[in-house]
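Enquirer: Fold the following.
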Amino acid sequence: MTGRGKVILLGEHAVVYGHPALAGAIGLGVTATASPSTADRLEIPAWEPEAPWAMQPNHPIRLALAAVKDALGIKTPFAIVANATVPPRAGLGSSAALAVALVRALAQATDRALDDDAVEKAALAAERVFHGTPSGIDVALATRGGLGLFRRGEGLTRIDAPPVRLAVGISPEPRDTAARVAAVAARLAAEPQTTRARLERLGELALAGRALVQLGPLFDEAQSILAALGVSSPGIERLCALARDAGARGVKLTGAGGGGAVIALPGSDGEEPILAAWSSAGFAARAVDVGIT
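Expert: Numbers count the residues shown, from 1 in each chain. Down below sits the predicted model:
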């Protein structure tokens, strides 16, 4: 039972305030299986072989599993094994992918038939544990896949288009989605007019990008605005500079920022020069197709 990772092309942070975001699912995610057990157990070997959440009653992953079980009305314990290909804490929707995989695995193990709306609702309970007040975009794409425009309260409006090929680089800086969202909220309170205008512009860029043409300049403008909102980082800026020097047509952070993933639109020479530049500088890098169904 699988939940997909995601890439936000345009509109992160703005989506929290009701503006649109353009995003798509990727071929990385989490697959989980569940079986009855004498106690709840969750193993995610690719992320944390020692599974510290098994020993810490207030660990977010343990609390997220409890939230999913509560949302589904499940009282009995289960042993769950989750195989993850999406990296954690990188802005690629790993927690939502896990949440959706948990919902689907537990539903299958208890003979529940859930439609996508029900999967999203249960998975959002786990996302609230991780992120406080998530917009819902990660869970929507983890559940449904594809490419589309997302608005809080309205959900995902699909865009019928081929996947977009991007280079993805990962800054290893510690990141915290909830902290970055809170930082933007604090900035909005301190500088309401300027911050509101920046968030609105990010939403406009998402609308402009829905035709999936001229994404490069839109990426660059969005990165400038996100940096002005204070959610970039030295590692992100380094990744952006390396990508531009390697021929990227546009580059920006994706997700909450403060570290994590950067996406680059390849130039005429493709993604390989960008990936090589990042790898040579010590950053994890790979190509992804955004908009996988």
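Enquirer: Please make it C-alpha for all contacts and neighbour counts, starting now.
Expert: Fine.
Enquirer: What are the boundaries of the strands in the stretch 1-150 of the chain?
Expert: Applying DSSP state E, counting those that start in this stretch to the stretch 1-150 of the chain gives strands spanning 2-10, 21-36, 41-43, 78-84, 147-151.
Enquirer: how about those, which one is nearest Ile292?
Expert: The closest of those to Ile292 is strand 21-36. By C-alpha to C-alpha, the value is 5.3 Å.
Enquirer: pLDDT of the closest one, averaged?
Expert: Mean pLDDT, computed over strand 21-36, is 96.
Enquirer: most remote residue from this protein's center?
Expert: In the chain, the residue that sits farthest from the middle, by C-alpha atoms, centre = their mean, is Thr38; the gap is 32.9 Å.
Enquirer: Quick one: neighbours of the closest residue to that one other than its chain neighbours, just the number.
Expert: Distances taken as C-alpha to C-alpha, 6 or more residues apart in numbering place Pro77 nearest to Thr38, at 6.1 Å, with adjacent residues excluded. The tally of other residues near Pro77 (other C-alpha atoms under 10 Å) stands at 16.
Enquirer: Ala179 versus Pro77, what's the distance?
Expert: 32 Å (C-alpha to C-alpha, to the nearest Å).
Enquirer: which ones are touching Arg244?
Expert: Gly250, Val251 (C-alpha atoms under 8 Å, 6 or more residues apart in numbering).
Enquirer: Surely it forms part of a helix?
Expert: Yes: checked against DSSP: H, G, I helix; E, B strand; the rest coil, Arg244 lies within a helix.
Enquirer: Helices along the stretch 101-250 of the chain, start to end?
Expert: Ranges of helices in the stretch 101-250 of the chain, per DSSP state H, counting those that start in this stretch, are 116-131, 137-144, 177-190, 192-208, 215-228, 234-245.
Enquirer: Dump those helices to CSV, plus distance to Thr33.
Expert: Converted to CSV, those look like this (distance: least, C-alpha to C-alpha, whole Å):
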stretch, distance to Thr33
helix 116-131, 16
helix 137-144, 16
helix 177-190, 27
helix 192-208, 36
helix 215-228, 38
helix 234-245, 35
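Enquirer: centroid residue for the protein?
Expert: Central residue of the chain (C-alpha atoms, centre = their mean): Gly93, at 2.6 Å.
Enquirer: In the lowest-mean-pLDDT helix or strand in the chain, which of the residues would be classed as buried?
Expert: Least confident helix or strand, the chain: strand 41-43 with a mean of 88, by mean pLDDT, DSSP states H and E. Using 16 or more other C-alpha atoms under 10 Å as the test for burial, strand 41-43 gives Arg41, Leu42, Glu43.
Enquirer: so can I have JSON lines of the residues you listed showing distance to Gly270?
Expert: Formatted as JSON lines, the buried residues of strand 41-43 follow (distance: C-alpha to C-alpha, whole Å):
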{"residue": "Arg41", "distance to Gly270": "43"}
{"residue": "Leu42", "distance to Gly270": "40"}
{"residue": "Glu43", "distance to Gly270": "37"}
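Enquirer: Out of the residues you listed, the closest to Pro57 would be?
Expert: Nearest to Pro57 out of these is Arg41 (C-alpha to C-alpha; 11.9 Å).
Enquirer: Just give the nearest non-adjacent residue to that closest one, would you?
Expert: Ala79 (4.5 Å).
Enquirer: Packing partners of the least confident helix or strand of the chain?
Expert: strand 78-84 (3 or more C-alpha pairs under 8 Å, 6 or more residues apart in numbering; DSSP states H and E).
Enquirer: For the strand it packs on, which outside residues touch it?
Expert: For strand 78-84, contacts defined as C-alpha under 8 Å, 6+ apart pick out 28-47, 98, 101.
Enquirer: Export it to CSV, keeping only CA atoms.
Expert: C-alpha atoms of strand 78-84 as CSV (Å, rounded to 0.1, in the frame of the first residue of the first chain):
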residue,chain,number,x,y,z
PHE,A,78,-0.4,-4.0,14.3
ALA,A,79,3.1,-4.6,13.2
ILE,A,80,3.9,-2.4,10.2
VAL,A,81,6.9,-2.5,7.8
ALA,A,82,7.4,0.5,5.6
ASN,A,83,9.8,0.6,2.7
ALA,A,84,10.7,4.1,1.8
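Enquirer: Direction-wise, compare it with strand 21-36 and give the angle.
Expert: Orientation of strand 78-84 against strand 21-36 (axes from the mean of the first three to the mean of the last three C-alpha atoms, to 10 degrees) gives an angle of 140 degrees.
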